[in-house]
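>>> my questions are about this predicted structure, shown below with the sequence.
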Amino acid sequence: DVTNPRQCQKVTKLRRSCIRLHCSSPIHLKASARSLYQPTTSMALPVMEEGKLLVDALNTVKIQVQQMKRYLELDQLMDALKSASLMLAELRTSSLSPKQYYELYMAVFDALRHLSNYLYDAHTQSRHHLADLYELVQYAGNIIPRLYLMITVGAVYMSVPDAPVKEIMKDMMEMSRGVLHPMRGLFLRHYLSGQTRDHLPVGSDDGPGGNLQDSTTFVLTNFVEMNKLWVRLQHQGHSRDREKRELERRELRILVGTNLVRLSQLDGVDLEMYQGAILPSILEQVVSCKDVIAQEYLMEVVIQVFTDEFHLHSLGPFLTATAQLHPKVNIKAIVIALIDRLAAYAAREAENEDPEETKKQEEAAARRLAEKVKTQKVKSRENGSSGATLAPEADTWSTPQPPIGPPTESVTESAVAATASPSETESAGALKKFRGVPENVQLFEVFWQQVVELIRARPDLSIQDITALFVSLTNLSLSCYPDRLEYVDQILSYAGEKIREYTDSPDLHTAQTSSNLAALLVAPINSYQSVLTLLAIPNYAPLLTTQLFSTRRSIAHSIVSSVLKNETIIETPEDVDGVLELCHVLIKDQSDGHSAAPNGVAVNGISGSGLNGSQGNPRKLGPYSVEREEMAEEQGWVARMVHLFRSESLDVQFELLQMARRHFDAGGERMRFTFPALITSSIKLCRRYKNREHLETDWETKVSTILKFCRQLIFILANQVDAPTIALRLFLLAAQISDECGFEDLTYDLYVQAFSVYEDNISESRAQLQAITLVIGALEGAKVFSVDNYDTLITKAALHASKLLKKSHQSTAVGFASHLWWQEKAHLETEAELEEGDGKPAAKTEEKDDETVKAVSCRRVSFCSRLTVDCTSSLTKIASVCWNVCSDPCGRQDPPSKRLSRFNSIVMHWISTCTILIMGLQQSPLSL
C-alpha cells in the first residue's frame, strides 16, 4: 500500500536490515544454537541447576533490557528490536518449573512495556508506522521472539484509530498456533490475552474495526487453545513425575481461567449472547477435554465470574453439562457452589429490595405458609394421626415426588423457562420477583430435576455427596421459597429413600454423612419462626427417627431452643404431641444412647464420640446413660417449654398437660425435673378455674380432677424418682390451692400425703426442720378444716416438731407450732370483705358452714389451758437443756455467745406464745 517510492525504498531497507540483525548476528546465532539443543520436553533437573538457569536467564534479560532502553532513547529502533529479540529468546527454555518460568516471564513482560510505550509514541509522532513494524518484526528468526514482538506491536496497533483490528486479531491468533510446547504456549497466549484486553472492539459494525462478536470469538478461541495446551501438559516428562506435573498444572490454571474473566468483563455481553454463543462454547470445551483438573476448575470459574442473572436463565444447559463430566470430577462441589451462590443472591436481593414491597411479599408468604400448615393439620386429623407421624410415602402435597422416570412435562417447561431470554418474556409485562428470582424462573424445579437425574446417572456418587446436595437444595428452597413446604418435604422424602438404600453401607455412618443429615434437619428449624411448621412437613419426623442418637439429640436441642427463644405458644394437644415426639430423645430412654458421650465435643450438633463409638450398626446399641448435671440442664429446657403449653380454653389447657404427662411418664429419672413444671402449671390452671367460678359450669369437679392429677404426679416424685423434698413442697402447694377452693377432704388428704413423705423419706435432721417448718406454715394459713381435722393435723405437726433430733431444731419447730392454735375469726371476715370490695361475688364466703367459723373461735379458747401447759413446759425444758447442751463429741460446750443466742430465740418464742395466750384469755374470760 506504500505509494511513495522513497518510503517504499526505506521499508525494503528496514526489512533487509532486520533479516541481517536477526539471522546473521553472531550473538543471535549463538542464542539460536543454544536453543537448538534444548530439550523439547520438560526434563527433571536438580533444583540447584534450575535455580542457576533462572539466574543466568534473568541476568541476560537485565542486560538486554538496559541496552534496549538505551537504543530507544537514541531512537535506534532496529538495535532495540535486536536486544528485545535476544531477551525474548530466554523464554524458549523448557528447563524451568512453572514458578521459575513465571518469574522470568514477568521480567520480560515489564521490559516489553517500555517498547510498547515507545512504539505508540513513535507512531503518533509519525517516526515509524505500526503497520510497517508489524510486518517487520515477523522476520525474526525464532518463533518465540517473533510472536512476542508481533503481539507487542499488534496490541499497540489495535489501540490506534482506524486500525484493522479484526484482521490483526485473526492474524495474531493464527500465528500463535505455531507454539505447541504447553508451558511456552500458555504464557504466550496469556501475554496475547493481557495485551489485547483493553483494545478489543465492543461495537456492532461489520467493518475492519471489528465488533463484539469478533472479540468474543477471539477470547473464546484463545481459551480453547490454552485449555488444550494446559491439558497436554500432563503428558510431559516421565510417568513417575505425574504428581509433580499435576501440581504444576494447578499452578498454571489461572492462566486459562483469565480468559473467562475477560469474557465476563466485555462490555455489551448480554444474556442472549451468553446463552447463544459464550456458554455453549465453554461447556463444549470443558466436557470434551475429559480432564478432571480442568473440568473442576473451569466449572468453578464459570460459576464465579459470570453474573447471577446469567446463571438464573441458563441453569438447564449448565447442569446438563455437569452430568456429562468425568466420573472422577467432584460434581457435588460444582452443584453446591452454584446453589449456594444463587441462595446468597436471593438473600442479598431481599435486603436490597424496597422495604415496603419486601414486607408485603413476606407477609403474603407467611399467610400462605400458615394456610398450608393449617391445611396439613386438618388432613392429619382426618387421617387419624398428626402430620409429624405420616409415612414418608404419603403424598400429602399435590406435587410430584422424586421423579423415577424421564423428566416430567412440568419440569421440562420449568427448564425451558429457566433458559428463556428476557426478550422472550418482556412482552408479557414487567416480571415480578421474589427475593431476586423472577416468577417465570422455576429455580427449585430445575435444580431438583437435574440433581435427581445426576444421582440416578452417577451411581458412583457417595452418600456423603448426595446428602451434601440435599443440604444445599434445602437452603435454596428456604431462601427463595420459604412458603413452599412441599419443596422441603420432597427433599426429606428422597433423603429417606437414599438412607434406606444405603442402610448396609459404612459410608452412612461416617462423620461427614451425619453432619450433612444434621444440617439438613436443622435448616428448617433455623429458617422458620415456629417449630410447629415442622409438624406440617410429613417426612421430617420419619427422617429424624432414622438418625444416630447424637444427631437426634442435637436436633431436639435446636427445637427446644427455638421454642424458648421465639416463645412459641403451643395451643393444641396434637401440637404438644408432635413437638414432644420430635424431642423424645430428651424425654425417653434411648437404646442407642451411649453412642454419644455426654461430654463429647459436638461439631455442627454432632458428638464426635457418637459416630465411631461402637462397631457394627451404631443404631443398635446399649442403654442410655448421661451425667446428672447434663440431664438437669437438658430437662430444665424441656420443663421451661411446658409453660408455653397454653390455651384460652381451660379444658383444652388440661388436655395439653395430660398429653405432656403421657410423654414424661416414660422419662424415668427425668421426671424429677419435668413433673414439677407440670404440677405448677396444673395449679395455675386451678386458680384460673377459681377466678372464673361464676362463668365456668361444674368448675369444682374439674378443679378436683386437676388436683387429683397433681397428687398422682407428686406421688410418683416421692416414690419412684426419690425426690421427697420437692414432693413435700408440691403436696403443700396443692393443699393450699385445694384449701382456697374449699375442698376439705382433698386438702386433708394432701396434708396426710405430705406427712407420709416426711415420715418415710426425710431422715436428715436439718431437712426435717425445713420440712416441718413448711408444713406448719401451710397449716397456719388453712381455713377449710373442721375442728377435728384441724386438731389432728396441727397435733401431728407439733408432735413431729418435738421429736426432732437436735434440741435447737426442736426449739425452733415447737416455737413455730405454738401458733397453730391461734387463728382469728376476723381473718376469714377480712378476706370476705376484700372480695366484696373488689366487686367479686362473696356468696361462697357468706355461706360458709357455721361450724367452720365457730370452730375457729372454739379452738381459740378450748385449747388455752393445754396450750399454756404444753408450750410453757416444753419451751422451759428445751431452754434449760439448750443452755447446758454440748455439741462437741469430746464434751466441750459451745461458746457462751452461741448458747445465749439459742436460748434467746427460745425465750422470744415463749414470750410470743404467752402474749397470744393472755390476749385470748382477756377476750374470753368465761373460757377459763
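Yes, it's here.
>>> where does the stretch 101-250 of the chain dip in pLDDT?
Scanning the stretch 101-250 of the chain for pLDDT under 70 picks out 237, 239.
>>> please identify the helix or strand for the spatially closest residue to Asn789 that is not a sequence neighbour.
Nearest residue to Asn789, sequence neighbours excluded (C-beta to C-beta, 6 or more residues apart in numbering): Tyr748, at 5.2 Å. (Glycine included, C-beta is placed from N, CA and C.) For Tyr748, the element it lies in under DSSP states H and E is helix 744-761.
>>> which helices and strands does that helix pack with?
Judged by 3 or more C-beta pairs under 8 Å, 6 or more residues apart in numbering; DSSP states H and E, helix 744-761 is in contact with helix 699-719, helix 724-741, helix 765-780, helix 787-802.
>>> pipe those helices into JSON lines and attach mean pLDDT per row.
Output for these, formatted as JSON lines (pLDDT from 0 to 100):
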{"stretch": "helix 699-719", "mean pLDDT": "93"}
{"stretch": "helix 724-741", "mean pLDDT": "93"}
{"stretch": "helix 765-780", "mean pLDDT": "91"}
{"stretch": "helix 787-802", "mean pLDDT": "89"}
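>>> I figured Val65 hits Met87, correct?
Yes. At 6.3 Å, Val65 counts as touching Met87 under the criterion of C-beta atoms under 8 Å.
>>> what is the burial count for the residue nearest to Asn789?
Using other C-beta atoms under 10 Å, Tyr748 is surrounded by 21 other residues.
>>> when you give positions from now on, start the count at 44
All right, first residue 44 from here; so that's Tyr791.
>>> tell me the contacts of it?
Neighbour list for Tyr791: 828, 832, 836 [criterion: C-beta atoms under 8 Å, 6 or more residues apart in numbering].
>>> neighbours of the last one, how many?
The number of residues packed around Leu836, counting by other C-beta under 10 Å, is 23.
>>> again with the one 3 residues further on
Lys839 is flanked by 18 other residues according to other C-beta under 10 Å.
>>> repeat for Leu563
By other C-beta under 10 Å, the residues close to Leu563 number 24.
>>> that one and Leu625: what is the separation?
Noted for Leu563: a distance of 15 Å to Leu625, by C-beta to C-beta, to the nearest Å.
>>> any idea how far the host helix or strand of Ser851 is from the middle of the chain?
Taking DSSP H and E as the criterion, the element that holds Ser851 is helix 850-860. With C-alpha atoms, centre = their mean, to the nearest Å as the basis, helix 850-860 stands 59 Å off its chain's centre.
>>> which strands or helices does it pack on?
Using 3+ C-beta pairs under 8 Å, 6+ apart, helix 850-860 is in contact with helix 808-823, helix 830-845, helix 907-927, helix 939-966.
>>> which residue sits closest to Gly824 in space, ignoring its chain neighbours?
Excluding the flanking residues, the one nearest Gly824 by C-beta to C-beta, 6+ apart is Gln779, at 7.0 Å.
>>> quick revisit: and of the helices and strands packed on helix 787-804, who's closest to Gln555?
Of all the helices and strands packed on helix 787-804, it is helix 742-762 that lies closest to Gln555, at 43.3 Å by C-beta to C-beta.
>>> now that closest one: buried residues?
Neighbour counts using 16 or more other C-beta atoms under 10 Å place 742, 745-747, 749-750, 752-754, 756-757, 759-761 of helix 742-762 among the buried residues.
>>> what's the angle from it to helix 767-784?
Angle of helix 742-762 versus helix 767-784, following axes from the mean of the first three to the mean of the last three C-alpha atoms, to 10 degrees, is 170 degrees.
>>> could I get stretch 832-841 in CSV with only the CA atoms?
Provided in CSV are the C-alpha atoms of stretch 832-841 (Å, rounded to 0.1, in the frame of the first residue of the first chain):
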residue,chain,number,x,y,z
ASN,A,832,-59.4,-32.5,111.1
TYR,A,833,-57.5,-29.4,112.0
ASP,A,834,-56.8,-30.6,115.5
THR,A,835,-55.4,-33.9,114.1
LEU,A,836,-53.1,-32.2,111.6
ILE,A,837,-51.7,-29.5,113.9
THR,A,838,-51.2,-32.0,116.7
LYS,A,839,-49.3,-34.2,114.3
ALA,A,840,-47.2,-31.2,113.3
ALA,A,841,-46.4,-30.3,116.9
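>>> can you tell me what sits against it?
Taking C-beta under 8 Å, 6+ apart as the rule, stretch 832-841 contacts 787, 791, 794, 798, 815, 818-819, 822, 825, 828, 857, 860-861, 863-864, 898, 902, 913.
>>> in CSV, list the helices and strands packed on helix 787-804 along with distance to Leu101.
Formatted as CSV, the helices and strands packed on helix 787-804 follow (distance: least, C-beta to C-beta, whole Å):
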stretch, distance to Leu101
helix 742-762, 85
helix 767-784, 83
helix 808-823, 88
helix 830-845, 100
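>>> helix/strand/coil for Pro502?
Assigned with DSSP: H, G, I helix; E, B strand; the rest coil, Pro502 falls in the coil class.
>>> ok, now which ones touch it?
By C-beta under 8 Å, 6+ apart, no residues touch Pro502.
>>> so what pLDDT did it get?
Reported pLDDT at Pro502 in the predicted model: 85.
>>> Pro82 too?
Each residue has a pLDDT score; the one for Pro82 is 36.
>>> Phe828 too?
Phe828 is given a pLDDT of 89.
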